[in-house]
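1. no letters, just coordinates:
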């Protein structure tokens, strides 16, 4: 019993020490990150050395794209508008509306219920 307690205590102690030794440079990395992120006058962050060159190039491309957008792109950021003709869903023929019959299961989701009522799912 004493040996088991001793072994458990020793194992727990060594695991705590091991965990502390696993991340010795955390404070150094945190300080470096604080130094590398400067806040400019507009309150925007300038990320300097934190990113790899490939990620940094993508980041700068995205930032340039944001500044080039017009105010309408805030509502539709990709410039894609609804196109009724291209996104037409047939509700005729096999997909004509049919009310639920006795024994048909419908759930709380209106969208799934519409799909079931139009035959895109099994009607039962």
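-> Okay, I see it. The model shown is predicted, which means the values in this text are computed figures rather than measured ones.
2. domain map for the protein?
-> The chain breaks down by automatic domain parsing into domains covering 2-74, 89-124.
3. mean pLDDT for the ones you listed: which is lowest?
-> Ranked by mean pLDDT, those bottom out at domain 2-74, which scores a mean of 63.
4. what about residue 117, how many neighbours?
-> For residue 117, the neighbour count with other Cβ atoms under 10 Å is 19. (Glycine included, C-beta is placed from N, CA and C.)
5. once you drop chain neighbours, what's closest to it?
-> The shortest distance from residue 117 to any non-neighbouring residue, by Cβ to Cβ, 6 or more residues apart in numbering, is to residue 97 (5.5 Å).
6. what helix or strand is that neighbour on?
-> Using DSSP states H and E, residue 97 sits within no helix or strand.
7. mind checking the SS state of residue 121?
-> On the three-state scheme (DSSP: H, G, I helix; E, B strand; the rest coil), residue 121 is labelled coil.
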